[in-house]
Each structure stands twice: as C-alpha cells, then as structure tokens.
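In: Compute the structure for the input listed below.
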Amino acid sequence: MKAICISAISSNQGKTLLTTALLHYFKKSVRAYKIGPDYIDPQFHEAICSRPSINLDTFLMNENQVNWIFNKYNDQNISIIEGVMGFYDGMDKGSSAYDLTKLLKIPTLLLLDASGSYITISAVLKGLKTYKQDNTIKAVVLNKVSSLSHYELIKNQIEKDFDDVFVLGWIKKDLSTLKQTHLGLDLINANSQILENLSKDVLEYIDLEKLEDIATFTPNFIEDYPFENFKKVDKKISIVKDENFSFIYYDNIIFLEEIFEKVEFIDSTKDEKISEDSDVVYIAGGYVETTASYNKIKNSSNFRNSLINHSKTKYIYAECAGLLYLGNRVDDKQMSSILDVDFTLEKKRVRLGYYYSTNGIKGHAFHYTKPLDVSNGVDILSKLENQKGEIGAWKNNKIYGTYLHTMFRNNINILKDYFGI
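Out: Numbers count the residues shown, from 1 in each chain. Have a look, this model is predicted:
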C-alpha cells in the first residue's frame, strides 16, 4: 500500500500547496487525510479530489482507534496525509505529525523553505532527524528555490550529510499560478484548469515515481473493533449540513448513518424543513455570526420554524455555530431562541485548541464569540483535565448546545445522553 505525510518545520511553509498539487495529480484514486481537528483543510481536500478527507487525531482518539479509522478509509491507490503546524508540534498532546506517522508507520516528506539559504537547510534537517530517532522522515522537497544551481547546492549538501533521506526535487519561487489565485477556501470554487496549472507548476521538478516508491508501507491492521459496540436504532436523524453548518467530521456522518435507520440532510441556506417524523436533529459547526453567513439564513423561516417545533418535544444536539443558532442572538443578529442565552462576537479569539469537558468528553474548540451570561450553562471546558475553565455548553430538557467539537464513534455516551438512542 502507499501513503505519505506532508509536513514541514511550521505553518505557512507550503504544506497545503504541495498537498493540493499531489491530490490533483492522484485525484483518480487518492484518499486525503488531515492530522488534527481541522475542518477547513478537509473541505479543501474534498473539493480537489471529489472524495471525503478524514481527520486523524490521536488526542481525540486512542492509538488503536486512530489506526482503525485510517484503515477503514484507506481504500485508494495512495493516501496523502497533510500534517499540522511543524512536524513535532502537538507532541505535548500526542497529536503531532511525528506521533501520527510513527503510530501508522507512514513515511514523511518534509517540505523545507530554501529561500535565502543552502547549507543551513541541511543543518535544519539534521535537527529534525535527530530530535526523535524513531521518526519516519524519508524524503525532502525544497520550496521557494531560486534556480537549478541553487537546488543542486542544497541537494548535494543533504546527500553528503544523509544516506537515508531522498531529495525528491524542488518548487521554484514566485510561481505564476500563485499570482493568479491564493490557496484557501476560495480555490474550492476554482475551475479545473487553474488546479491543473497549479499542480503542473508545483510538481514540475519533483520525482513523482520516486515519491510513490517511498510512499510504500505496510499498514497495521486492528483485528477487533476498538470502540464500544452498538445496535442500529429504528429512528430518524436530521443532520443540518450546508454552507453555514459545514464543520463536521466525515466519520461522524458515517457513524450516525450506521446508528440510525433513517438519515436526512437539511440545508438551512435553502430554507429546507426538518421532517416532522425526525427523532433528533444534529446541527454541525460553522459560521452564523458573520454578516455574510447570517444573511444566508436570516430569512429561512421554514427551517427555523420546523426546528423550533421539533425542539418542543424532541432532541437537538448542536456544535459551535449550531449552538449560536439555538441561542437568542449574536449581537444584533436574531437566532432561534430555543436556548435562553445571548452571545457577542469578539475581535480576539475566545478559545483555540483541545479542551476537556466536565461531562467527560475531549474535544476541540475554536471561536470568537462568547456568552453574555453563563449562569444557566451546564459544562465547563478546560485546557487541562479537571482544572479550572469556563462554561462552554447549555442544556434545556432535550436540547443541548456546546462549543466543543468531538468524535462520536468513541463517545457513544453523547448519543445516549443527547441523541436519545
């Protein structure tokens, strides 16, 4: 089997650039993965290769569970895994690219910025290679290279200093295609020719045949299902997933489809109604607090009224933006008032990173909003387990909204407590 992780020394080094090019090149049979809890990059991956991208998170799940998740979706000719921050960043939570690739025994390709340097690049690589002896660093691609002679200077030095690292090639600086667009969610709507040109430019001087050779590995298969067993329930769930509510782990969708006999997807931006026979509604995270996002749903009366009607007797579980929509308002933006809590949008981040909840759930939170009053909150989110934190969830009868994003497969109690299964 073939799989490779794209990593670097930090963020903003070009991981997404190279990942994009490779996903497009292998798009006929590639599975994309993202290390960590990120929601944006997986959407980006899926837009490029028309196949869902899978989050691999060794903080939210234990090692056997992450291994199982990887193998469950590893069904293509090659898997491309995009790292998070720098190669070793996240080790304190056991969730770095180093931790993940060591666990899965997947080769790592380091993308190193060569601008304004040459011999020092080899010194940086030595630091990365020797920091942890059991790393999986097998190859290097040099980014922002001035010329072929510049590349050869660095390549020769690395080959002199290492006998176990392949220099696969280089990406020249100031690519013309990058001047035409920028990497980010806007590129999701880019036409195929833009992606074709970008991929061609990025991969022009990279040995892809050697890359595939290096990507060969032997997966670790987990024989037993490493999660709590469950039985399918004869109930119907409505999943609110659209432009506004798009932050959702793909395996959460698959798991809910495995649990519930009937599943429907609701697009609030198209003012779709929640079915009257639905037993539970799950509202994903995303954006409702910005003006552009709010304008997409402020007139969605059919959706809002059906949700309010559902809330009178049935279950609702909402994450982050879903929580905001259950509240009264975000500043001057009126929401559904299903939960009696008001929010305001701050200029600085209120939360970012992994959190522990007092209801026993580990997850991730990233938001700029905060409640105006926490007196009726129910769960505290803290950076360290059983430590001081702040309210991050609200509940009223069968309605539960939280700032915390998490994985359902290894937290089946969430479904028992808040989905009514």
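In: Let me see the ranges of the helices in the stretch 201-350 of the chain.
Out: For the stretch 201-350 of the chain, applying DSSP state H, counting those that start in this stretch gives helices covering 208-214, 250-259, 291-295, 301-311, 321-326.
In: Report the contact partners of Glu243.
Out: Contact analysis of Glu243 by CB atoms under 8 Å, 6 or more residues apart in numbering lists Thr269, Gly286, Ser293, Lys296. (Each C-beta comes from the backbone N, C-alpha and C, glycine too.)
In: of all these, which comes closest to Tyr39?
Out: Tyr39 lies nearest to Gly286 out of those, by CB to CB, at 8.2 Å.
In: Ramachandran coordinates for that closest one?
Out: Dihedral angles of Gly286 (phi, psi; degrees, to the nearest 10) stand at phi 150, psi -130.
In: Looks like it contacts Cys320 (just checking).
Out: Yes: between Gly286 and Cys320 there is a contact at 7.3 Å, judged by CB atoms under 8 Å.
In: and among the helices of the stretch 201-350 of the chain, the most buried is which?
Out: Greatest average neighbour count among these goes to helix 321-326 (a mean of 27), per mean count of other CB atoms under 10 Å.
In: hmm, who's touching that one?
Out: Residues outside helix 321-326 that contact it (CB under 8 Å, 6+ apart): 240, 244-245, 247, 282-289, 297, 316, 318, 330, 335-336, 338-339, 343, 369, 393-394, 399, 401-403.
In: quick one: the closest residue to Lys296 other than its chain neighbours from Trp394, how far?
Out: Nearest residue to Lys296, sequence neighbours excluded (CB to CB, 6 or more residues apart in numbering): Thr269, at 4.4 Å. Distance of Thr269 to Trp394, given as CB to CB, to the nearest Å: 24 Å.
In: thinking again about what came up before, so can I have TSV of the helices of the stretch 201-350 of the chain showing distance to Ile222 and mean pLDDT?
Out: TSV is the format used below for the helices of the stretch 201-350 of the chain (distance: least, CB to CB, whole Å; pLDDT from 0 to 100):
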stretch	distance to Ile222	mean pLDDT
helix 208-214	25	97
helix 250-259	15	98
helix 291-295	39	95
helix 301-311	38	98
helix 321-326	32	98
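In: okay, Thr269 and Trp394: which has more neighbours?
Out: Under the neighbour definition other CB atoms under 10 Å, Thr269 and Trp394 were set side by side, and Trp394 has more, 24 against 15.
In: ok, Phe247 - contacts?
Out: Phe247 is in contact with Tyr39, Ala284, Gly285, Gly286, Glu319, Cys320, Ala321, His405, counting by CB under 8 Å, 6+ apart.
In: mind listing the strands for the stretch 251-400 of the chain?
Out: For the stretch 251-400 of the chain, applying DSSP state E, counting those that start in this stretch gives strands covering 260-266, 280-283, 315-319, 329-330, 333-334, 342-345, 351-357, 362-367, 369-371, 377-382, 390-396, 399-402.
In: Direction included, what does the second one pair up with?
Out: This points to strand 280-283. strand 233-240 (parallel), strand 315-319 (parallel) (DSSP bridges).
In: and of the ones you listed, who's closest to Val165?
Out: Nearest to Val165, of all the strands paired with strand 280-283, is strand 315-319, at 41.4 Å by CB to CB.
In: Run a quick check on Leu111 versus Ile6, I expect a contact.
Out: Yes: using CB under 8 Å, Leu111 is in contact with Ile6, at 6.4 Å.
In: Overlap in contacts, the two.
Out: Overlap of the contact sets of Leu111 and Ile6 (by CB under 8 Å, 6+ apart) consists of Lys15, Leu18.
In: separation between Thr406 and Tyr118?
Out: In this view, Thr406 and Tyr118 are 45 Å apart by CB to CB.
In: what about those two, which has more around it?
Out: Between Thr406 and Tyr118, counted using other CB under 10 Å, the more crowded position is Thr406 (22 against 18).
In: mind listing what the more buried one touches?
Out: Residues near Thr406 by CB under 8 Å, 6+ apart: Leu60, Ile361, Lys362, Gly363, His364, Ile414.
In: Lowest mean pLDDT among the helices and strands, pick that one out for this structure.
Out: None of the helices or strands of the chain scores lower by mean pLDDT, DSSP states H and E than helix 176-180, at a mean of 60.
In: number of nearby residues for Gly116?
Out: Neighbours of Gly116 (other CB under 10 Å): 8.
In: ok, now how distant is it from Leu168?
Out: 21 Å.
In: cool, Thr269 as well?
Out: For Thr269, the distance to Leu168 equals 42 Å [CB to CB].
In: Ok, Gly327 next?
Out: 50 Å.
In: Out of the contacts of Phe247, the closest to Ser275 would be?
Out: Ser275 lies nearest to Ala284 out of the contacts of Phe247, by CB to CB, at 17.6 Å.
In: Now do the same contact list for that closest one.
Out: Neighbouring residues of Ala284 by CB under 8 Å, 6+ apart: Ile239, Val240, Lys241, Phe245, Ser246, Phe247, Ile248, Glu319, Ala321, Gly322.
In: Could you identify the most distant pair in these?
Out: Using CB to CB, the contacts of Ala284 span at most 14.0 Å, a distance reached by Ile239 and Ala321.
In: about what we covered before: the more surrounded of Gly286 and Cys320?
Out: Cys320 (29 against 24).
In: Chain neighbours aside, what residue packs nearest to that one?
Out: Closest residue to Cys320 apart from its sequence neighbours, by CB to CB, 6+ apart: Gly285 at 3.5 Å.
In: So what pairs up with the spatially closest residue to Ile399 that is not a sequence neighbour in the strands?
Out: Nearest non-adjacent residue to Ile399, counting by CB to CB, 6+ apart: Ile316, 4.8 Å away. With DSSP bridges as the criterion, Ile316 is bridged to Val281, Ile399.
In: Number of residues surrounding Ile316?
Out: For Ile316, using other CB under 10 Å, the count is 27.
In: Contacts only, for it.
Out: Ile316 makes contact with Val280, Val281, Tyr282, Ile283, Leu307, His310, Leu326, Ile338, Lys398, Ile399, Tyr400, Gly401 under the criterion CB under 8 Å, 6+ apart.
In: want to try CSV for those, with distance to Val374 as columns?
Out: CSV is the format used below for the contacts of Ile316 (distance: CB to CB, whole Å):
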residue, distance to Val374
Val280, 26
Val281, 24
Tyr282, 24
Ile283, 21
Leu307, 24
His310, 26
Leu326, 15
Ile338, 18
Lys398, 21
Ile399, 17
Tyr400, 16
Gly401, 13
